[in-house]
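Chemist: Attaching a predicted model along with its sequence, questions to come.
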Amino acid sequence: MKKRPRGASLDQAVVDIRRREVGGLSGLSFARRLAASEGLVLRLDIYNKLKGHRGCVNTVGFNLGGDIVISGSDDRHVKLWDWQTGKVKLSFDSGHLSNVFQAKIMPYTDDRSIVTCAADGQARHAQILEGGQVQTMLLAKHRGRAHKLAIDPGSPHIVYTCGEDGLVQHLDLRSNTARELFTCREVYGTHVEVVHLNAIAIDPRNPNLFVIGGSDEYARVYDIRNYKWNGSHNFGRSANYFCPSHLIGEAHVGITGLAFSGQSELLVSYNDESIYLFTQEMGLGPDPLSASTKSVDSNSSEVTSPTAVNVDDNVTPQVYKGHRNCETVKGVGFFGPKCEYVVSGSDCGRIFIWKKKGGQLIRVMAADKHVVNCIEPHPHIPALASSGIENDIKIWTPKAIERATLPMKVEQVPSDHIPWLFGVESDEDEDYSYDDDFHYDDDDDEGHGDSSDVDSEDDDVDEDDDDDDDDDDEDGDGGDNSDGGNSFSGSYNDCDFTLSISS
């Protein structure tokens, strides 16, 4: 088969556009192909900056329809945004006593049901009432910080939470009840040591499966169907463990981010290490020790690093390298209609994008002066929302005219990067910081069933925000780039296109 000369190759996206124009490609197929185009990824640029929080933005995400962005911050407020206009639709006090770490809009609730977790260890439920009033309610408590929660993508009622106490809880919003499933403990030794959990995710292809990760090397997948509420011996036993073979037994690694693809692939991000992609066949099974070899000194309790039995290249997880993940708890995720790309933030203040297949780094984007913690893809179009130590949320769309190229030295930190000293804040931010030694008072139920303060749409923007626009426009126009409609337009190889969102 003859290879097409390099100079004669045509951009596939342009071919698809022409096929669509003559009816040779359905609208859905065209949209998926266009959204997965590498050319669009290389043209991602800042479309809008959402300003209004008075502290680090720790969580950002889209609603199911894709027209609303939700965010939570160190200022303990949750905001709903029209991301195209940059306007705040609703802002309210979360009811938390400390930094909001995650906020999600429950699906199929007309965007009126919101769940949150925070540094105070609480999981809370906020309901938007008629007239715009917001009522918040305490759902569950953890001892220590609760970094993440996960929602069943097909249910408006089911939520899972995890915390630094190792506890995993199952919440049902219909009854506002929490069921403690189990406390995650280390694989080695006497199973006494608790694994401090940082991340939890649900498999969208099979919502019965959820995965947790934290202060040890294993990502643990559980099947909720295995849980018998009569205290059977399988209670708390993982259905499958995942870990790269060279990290098994490593005491100084942990997991900060987890994500499932639409094909049930598992993405795991390790602190001070790399990101790995596992298929279900790469699991170590319910007993990782039997799937690996270990050597134990009979005269001591020291366990040397075990090596996985199966090290065949065909079952080696794909690895993604180049970013830095040492300073904060960073998420990781997929991008593209069929999860064609992997995305992560970095301690250097940039967003990294790799091809899922092969692990090639194709894009590095400056997105924060300090650290990028959160990157969330739009559910329908090639757009991203990102946040970090700065007080704003950045929306990225393929609006750039020219393709971006990788920096000459990806590992070199940008000259304007400001190192983030975790836990050290300025005096003006002191009210919004959390204490690493924070302990929740079991008798403090003040937040249960209270009605939160709701801010107006126009009083949230802090004119003295520390986000200066002087040096932020190198990656795109920081102003309002939209016309307020439900679509945005762009140009791709001299072909104009418009991407629309249906409400």
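Modeler: Ah, there it is.

Chemist: ranges for the helices of this structure?
Modeler: 12-21, 27-35, 38-41 (DSSP state H).

Chemist: pull the helix or strand with minimum mean pLDDT from the protein.
Modeler: strand 307-308 (a mean of 38; mean pLDDT, DSSP states H and E).

Chemist: low-scoring pLDDT stretches of the stretch 51-200 of the chain, where are they?
Modeler: Low-confidence segments of the stretch 51-200 of the chain (pLDDT under 70): 189-192.

Chemist: got a list of what G214 touches?
Modeler: Contacts for G214 were tallied using Cβ atoms under 8 Å, 6 or more residues apart in numbering; they are 162, 164, 166, 184, 195-199, 254-255. The C-beta positions use only the backbone N, C-alpha and C, and glycine is treated the same way.

Chemist: For the helices of the chain, which has the smallest mean pLDDT value?
Modeler: In terms of average pLDDT, helix 12-21 trails the rest of the helices of the chain, at a mean of 56.

Chemist: tell me, how many neighbours does F334 end up with?
Modeler: Per other Cβ atoms under 10 Å, the neighbour tally for F334 reads 20.

Chemist: Now it: closest residue in space that isn't a chain neighbour?
Modeler: Ranked by Cβ to Cβ, 6 or more residues apart in numbering and with sequence neighbours excluded, the top spatial neighbour of F334 is S261, at 5.2 Å.

Chemist: before we move on, what about C339?
Modeler: S261 is the one closest to C339 (Cβ to Cβ, 6+ apart), at 4.0 Å.

Chemist: Please verify my assumption that that neighbour contacts Q280.
Modeler: No: look at S261 against Q280 with Cβ atoms under 8 Å: they stay out of range, at 11.2 Å.

Chemist: Which neighbours do the two have in common?
Modeler: Joint contacts of S261 and Q280 (Cβ under 8 Å, 6+ apart) do not exist.

Chemist: Tell me the bridge partners for Q102.
Modeler: Beta-bridge partners recorded for Q102 (DSSP bridges): C117.

Chemist: State the number of residues packed around it.
Modeler: Count around Q102 with other Cβ under 10 Å applied: 24.

Chemist: Over to the one 3 residues further on?
Modeler: Summarising burial for I105: neighbours were counted as other Cβ under 10 Å, giving 24.

Chemist: Kindly report the same for K89.
Modeler: A total of 17 residues lie near K89 under the criterion other Cβ under 10 Å.

Chemist: I'd like to know the beta-bridge partner residues of V221.
Modeler: Residues in beta-bridge contact with V221 (DSSP bridges): V211, N240.

Chemist: I figured it hits N208, correct?
Modeler: No: using Cβ under 8 Å, V221 makes no contact with N208, being 10.5 Å away.

Chemist: Looking at these two, which one has more neighbours?
Modeler: V221 (24 against 13).

Chemist: Next, the contact list for the more buried one, please.
Modeler: V221 touches 209-211, 238-242, 266, 283, counting by Cβ under 8 Å, 6+ apart.

Chemist: again, only using 7 Å
Modeler: 209, 211, 238-240 (Cβ atoms under 7 Å, 6 or more residues apart in numbering).

Chemist: Looking at the residues you listed, which two lie furthest apart in space?
Modeler: Pairwise distances across these (Cβ to Cβ) peak at 10.9 Å, for the pair L209 and S238.

Chemist: more crowded one of these two?
Modeler: The residue with more neighbours, out of L209 and S238, is S238; 24 against 21, by other Cβ under 10 Å.

Chemist: Tell me the spacing between that one and D347.
Modeler: Counting by Cβ to Cβ, to the nearest Å, the separation of S238 from D347 is 30 Å.

Chemist: repeat for H53
Modeler: 21 Å.

Chemist: Looking at the two, which one has more neighbours?
Modeler: H53 (30 against 23).

Chemist: Do I have it right that the more buried one meets S73?
Modeler: Yes: contact criterion Cβ atoms under 7 Å: H53 and S73 qualify, at 4.0 Å.

Chemist: Next, count neighbours for S155.
Modeler: Counted with other Cβ under 10 Å, residues neighbouring S155 total 16.

Chemist: Let me know the pLDDT of the closest residue in space to L44 that isn't next to it in sequence.
Modeler: Nearest residue to L44, sequence neighbours excluded (Cβ to Cβ, 6+ apart): W396, at 4.7 Å. For W396, the pLDDT comes out at 97.

Chemist: what's around W396, how many residues?
Modeler: Neighbours of W396 using other Cβ under 10 Å come to 26.

Chemist: Return the residues in contact with it.
Modeler: Neighbouring residues of W396 by Cβ under 7 Å, 6+ apart: 44-47, 383-384, 386.

Chemist: rerun at 10 Å
Modeler: 41, 43-48, 351, 365, 367, 375, 377-378, 382-386, 475-476 (Cβ atoms under 10 Å, 6 or more residues apart in numbering).

Chemist: ok, back up a step: where's the residue nearest to C339 relative to N325, distance?
Modeler: Distance from S261 to N325, counting by Cβ to Cβ: 20 Å.

Chemist: what's the answer for E265, then?
Modeler: Distance of E265 to N325, given as Cβ to Cβ: 20 Å.

Chemist: between those two, which one's more packed in?
Modeler: Ranked by neighbour count (other Cβ under 10 Å), E265 and N325 place N325 first, with 23 against 20.

Chemist: How confident was the prediction at the more buried one?
Modeler: pLDDT for N325: 86.

Chemist: quick revisit: which residues touch the residue nearest to F334?
Modeler: Neighbouring residues of S261 by Cβ under 10 Å, 6+ apart: 203-205, 267, 277, 279, 333-334, 336, 338-340, 342, 356.

Chemist: Filter these down to just the ones in strands.
Modeler: For those, membership in strands holds for 267, 277, 333-334, 342, with DSSP state E as the criterion.

Chemist: Of the residues you listed, which pair is most distant in space?
Modeler: Farthest pair in the ones in strands among the contacts of S261 (Cβ to Cβ) is L277 and G333. Separation: 11.9 Å.
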